[in-house]
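S.K.: Here is the input, now give the coordinates:
(one chain, ligands or ions: 1)
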Amino acid sequence: MSLDEYHKKRDFKKTPEPSGKGAAAMKSSSELIYVIQKHRATQLHYDFRLEWNGTLLSWAVPKGPSPDPAVKRLAMQVEDHPVEYANFEGVIPADEYGGGTVMVWDTGTWAPEVSDVDEALRKGDLKFALHGKKLQGSWALVRTRGFGSRKDRSWLLIKHRDQYAAERDITLDEPTSALSHRLLADIARDGGDVERAATGDPRPEKNASGSSAATALKRGGKRPRASR
Ligand code: MN
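M.R.: Numbers count the residues shown, from 1 in each chain. The predicted model follows:
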């Protein structure tokens, strides 16, 4: 694992993201970090990250995770991120790589459900348990046949059948930060583009203060266009 690609893509004089230099010592627990960051960049996506070998393996999931085992979500593997990235919530300047608003949507720990994680990653079939605030239970990442130049980076994120499986759309039901309980638009108020961030929050209104978003949708609002 290497952070070379992570470093090459970013100018740490301009972005508030962690550089990851000398990070390993900061970890206090032996448990493996799991985090999902909701990222309103060019397109809305959810960055799914699992700590392994001192970095965060990372996949961009355009539609976010689904607790419904019948729903397989495309997950494009992206560059490894430093472990401290797990706590990053804030605004990446518009003209920097990944410019936009980042929310810690879920956080916790994970545990492999395979005996050899490196071998499972090579084979493209990783089974694991999530112990997050929003996501729980048994999941899998399975490499799939992709297309174009990214074809070896296409995976599917799939919920296994267990007591945590559910048919609900958790991205709509639980749209706020697991750290600060803020919506994307609230996070963007720290120097970001609030209106653009708000298009990633699940509500039809552009500028409402946000707390009733999920409730309004349950009352029969149709699913908003969350990206683009
Ligand atoms: Mn991202």
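S.K.: Write out the residues of the protein neighbouring the ion.
M.R.: Within reach of the ion by CB under 5 Å from the ion, the chain has these residues: His39, Asp47. C-beta coordinates here come from the backbone N, C-alpha and C atoms, glycine included.
S.K.: any chance you could map the helices in the chain?
M.R.: 4-8, 117-123, 170-173, 184-188, 194-198, 213-218 (DSSP state H).
S.K.: possible to save the ones you listed as CSV with mean neighbour count, distance to Thr109 and mean pLDDT?
M.R.: What follows is the helices of the chain, written out as CSV (neighbours: other CB atoms under 10 Å; distance: least, CB to CB, whole Å; pLDDT from 0 to 100):
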stretch, mean neighbour count, distance to Thr109, mean pLDDT
helix 4-8, 14, 22, 94
helix 117-123, 14, 14, 97
helix 170-173, 18, 19, 95
helix 184-188, 25, 24, 97
helix 194-198, 18, 28, 96
helix 213-218, 16, 26, 45
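S.K.: So which of the ones you listed is nearest Gly108?
M.R.: helix 170-173 (14.2 Å; CB to CB).
S.K.: mind exporting that closest one as CSV, just the C-alpha atoms?
M.R.: In CSV, the C-alpha atoms belonging to helix 170-173 read as follows (Å, rounded to 0.1, in the frame of the first residue of the first chain):
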residue,chain,number,x,y,z
ILE,A,170,-30.7,4.5,4.5
THR,A,171,-29.1,7.4,2.6
LEU,A,172,-32.5,9.2,2.6
ASP,A,173,-33.5,8.1,6.1
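S.K.: Was I right to think His39 contacts Trp105?
M.R.: No. When contacts are counted by CB atoms under 8 Å, His39 is not listed as touching Trp105 (9.1 Å).
S.K.: How about the protein: which residue is closest to the ion?
M.R.: Residue nearest to the ion within the chain: His39 (3.7 Å; CB to the ion).
S.K.: before we move on, back to that, what sits in contact with each of His39 and Trp105?
M.R.: Common contact partners of His39 and Trp105 (CB atoms under 8 Å, 6 or more residues apart in numbering): Tyr46.
S.K.: picking that back up, so what's the residue of the chain closest to the ion bridging to?
M.R.: His45, Val102 (DSSP bridges).
S.K.: Report the separation between it and Glu89.
M.R.: Here the criterion is CB to CB, to the nearest Å. By it, His39 lies 10 Å from Glu89.
S.K.: joint contacts of those two?
M.R.: Val102, Met103.
S.K.: low pLDDT regions in this structure?
M.R.: 1, 22-28, 147-151, 203-228 (pLDDT under 70).
S.K.: can you tell me which residues contact Val102?
M.R.: Applying CB under 8 Å, 6+ apart, the residues contacting Val102 are Gln37, Lys38, His39, Arg40, Phe88, Glu89, Gly90, Val91, Ile92, Ile187.
S.K.: and the nearest residue to the fourth one once chain neighbours are set aside, what are its phi and psi?
M.R.: So the one you mean is Arg40. Leaving aside its sequence neighbours, Arg40 sits nearest to Gly200 (CB to CB, 6 or more residues apart in numbering; 3.8 Å). The phi/psi pair for Gly200 (degrees, to the nearest 10) reads phi -90, psi -10.
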